[in-house]
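> Have a look; sequence and predicted model below, questions after that.
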Amino acid sequence: MQKYIRFVNGLRGFIKSRMEPEEALESARTLLKKRMAAREDNFLNLVEKSIFHYSRSPYLKLLELRRIGFNDLKSWVLQNGIEASLRTLQGEGVYFTVDEFKGKTPVVRKGIQFVCEEAMFDNPFLSYVYEVRSGATRSAGTRIRIDFDYLRHRCLYDAVLLNTHGCLTAPIANWFPVFPGAPGINSSLRFAHIGNRAQRWFSQVGEDRLKVNWEKKWGTRLIFAIHNLYGYPLAEPEYASLNDAHKLAEWASQVLNEHPTCVIYTFAASAVRVCIAAAEAHLNIKGTKFLVTGEPLTPQKKREIESVGASAIPVYGISEAGVIAAGCDKVHTTSDHCHLYKDTTALITHKHKVLHSDMTVDSYLFTSLLYESPKLLLNVGMGDYGEISSGGCDCEFASIGFDTNISGIRSYEKLTGEGVTFVDTDFIRIIEKDLPEKFGGRSTDYQLVEEEDSKGLTQLQLLVSPRIGPVNEGEVLNRFMVLLRKAEDSPESWAQSGTEMWKQSKMVRIKRDYPIPTASGKILPFHLLKTEKQQMVNV
Ligand SMILES: [Zn+2]
């Protein structure tokens, strides 16, 4: 009962403290600059309390092994800065890969071995308010605890981001699944808090298609009801499947009659669909700013969006820390150039050999710098890799001090399409074991091949070797989707929304062909066709 009261009180306080857009922008500029100035102090405070003085911290085991105390870290930070110190820590074995963080593989360092659980990384200082799920279907379950204080801080970045792109007060529409994901409800709350409520919320998946637990359903209903009570109603989700992208295009072309610009916040592939629909229906959506997230903004997707006079702004988030980087208004050579929100997150890379693959990547390691982070991260990998650079921009983000840029961002342990992600362990088991058991052949007779079509949409081909002889292709496809949906049986799982969207987009197709070997001759369950220059180092 207590937690529901806290939830309602938190929500009421959140609504009552909402700002006007200009006020939010001013407050954001002041606060972010202040935090940048105190960045090292904030980091040291956080690690002192939440790691060195928190006996249950999983990091302590690694630090103690190398006899690294708080004073050592402090002197490194004061001498060489946060990032250099994080690299030193990484070199000493103080980091967790994504598999170690999820408890999928044991942590093995010189002289020590243990297994983590995700809950170990929860921020002990955070009051629980409501839980949302990340875009990934994690079998271990990725419940992210978020409170309204956290949202209050997060929305300040939105004010800067919208303002940078000249749309602080422009009409906004969201196109995200209603359940169980974070982006839909979170962005609705955040935009409302900075005085620019989303006018419409379209959901790719109908509520009736999903099994959702009552707590989550009622939590969401309550958010709407209390906003209504305060005379500040939020847009209710309306069903618009991936094949209804024209609804978004119609909304944009309509509001653009009266406004110079408008914002659609959605997955990168969904944005491409809106642009295709607009072109087909001869709707003018020139001036639309697509804030895109959930999957890489590839050069092809960006071109497709720009071909109708719209712009694509990458928004990069990780479920464990929310949105941590976004694109500015300047022209860059990479399609997904983002400024890291450096006051909350520090980022370094390390060379990581990818399982089920023959590549080594520059994997990102994330570190949280502020108390409101739902998870406390110190050099933790999230399955993403890419480039890091610094400086070279004169935009508003840079003036705040956000001078670290990231680009070429890709995932190595996930299968992402239409903004929905499946973790490799789920589909690898299906490809290597379940399908051969059901339809014959061996583990190397099936393979998923990912490629981007000429419109920038991801296609997955499920190769079935001709060696197997005749099979009912429809049945194989159906079986694959059923198994994928079942990969996580929780009613809150993203797998439900995910498979629903993949069916709508006909993303997976069967092809009778021999699986493709890698350069070194191996047949892997998953193969990526390189259509664009990829930031990979083959070994
Ligand atoms: Zn910039």
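Good, I have the coordinates.

> Only C-alpha atoms from now on, for both contacts and neighbour counts.
Will do.

> Looks to me like residue 389 is in a strand.
Yes - assessed with DSSP: H, G, I helix; E, B strand; the rest coil, residue 389 lies in a strand.

> Check what pLDDT it gets.
Here the pLDDT value assigned to residue 389 is 96.

> Report how many residues lie close to it.
Residue 389: 12 surrounding residues under other Cα atoms under 10 Å.

> for the closest residue to it other than its chain neighbours, what are its contacts?
Nearest-residue entry for residue 389: residue 405, 5.1 Å, with adjacent residues in sequence omitted and distances by Cα to Cα, 6 or more residues apart in numbering. Applying Cα atoms under 8 Å, 6 or more residues apart in numbering to residue 405 gives the contacts 337-340, 388-391.

> as a whole number, average confidence for the host helix or strand of residue 405?
Remark: residue 405 resides in strand 404-411, with elements defined by DSSP states H and E. What strand 404-411 shows for mean pLDDT is 92.

> Buried residues, it. List them.
404-411 (16 or more other Cα atoms under 10 Å).

> Now the closest residue to the ion within the stretch 101-250 of the chain, what are its backbone angles?
The ion sits closest to residue 164 of the stretch 101-250 of the chain, with a gap of 9.2 Å, by Cα to the ion. Main-chain torsions, residue 164, degrees, to the nearest 10: phi -60, psi -30.

> Let me know whether it touches residue 396 as I believe.
Yes - Residue 164 lies in contact with residue 396 (Cα atoms under 8 Å); the separation is 6.6 Å.

> Are there residues contacting both of these two? Which ones?
residue 328.

> Show me which residues of the stretch 351-500 of the chain are close to the ion?
The stretch 351-500 of the chain comes close to the ion at residues 393, 395, as judged by Cα under 5 Å from the ion.

> Just checking: what are the partner strands of the strand holding residue 405?
strand 338-340 (antiparallel), strand 380-390 (antiparallel) (DSSP bridges).

> any idea how far the next helix or strand after the last one is from the chain center?
I take that to be strand 380-390. On the C-terminal side of strand 380-390, the closest following helix or strand by DSSP H and E is helix 396-400. How far helix 396-400 lies from its chain's middle: 23 Å, per Cα atoms, centre = their mean, to the nearest Å.

> Please apply the same query to stretch 20-33.
Averaging C-alpha positions (Cα atoms, centre = their mean) puts stretch 20-33 25 Å from its chain's average.

> still on that earlier bit, closest one to the ion out of the contacts of residue 405, please.
residue 339 (6.6 Å).

> Quick one: name the residues of this protein near the ion.
Counting by Cα under 5 Å from the ion, the chain sits next to the ion at 328, 393, 395.

> cutoff 8 Å now
With the criterion set to Cα under 8 Å from the ion, the chain comes near the ion through 327-330, 338-339, 392-398.

> could you redo the residues you listed as JSON lines and give each row pLDDT and neighbour count?
Formatted as JSON lines, those follow (pLDDT from 0 to 100; neighbours: other Cα atoms under 10 Å):
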{"residue": "327", "pLDDT": "98", "neighbour count": "27"}
{"residue": "328", "pLDDT": "98", "neighbour count": "24"}
{"residue": "329", "pLDDT": "97", "neighbour count": "18"}
{"residue": "330", "pLDDT": "96", "neighbour count": "11"}
{"residue": "338", "pLDDT": "97", "neighbour count": "27"}
{"residue": "339", "pLDDT": "98", "neighbour count": "29"}
{"residue": "392", "pLDDT": "90", "neighbour count": "11"}
{"residue": "393", "pLDDT": "96", "neighbour count": "19"}
{"residue": "394", "pLDDT": "95", "neighbour count": "12"}
{"residue": "395", "pLDDT": "97", "neighbour count": "15"}
{"residue": "396", "pLDDT": "96", "neighbour count": "16"}
{"residue": "397", "pLDDT": "97", "neighbour count": "27"}
{"residue": "398", "pLDDT": "97", "neighbour count": "18"}
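
> Please consider this matter closed, and thank you.
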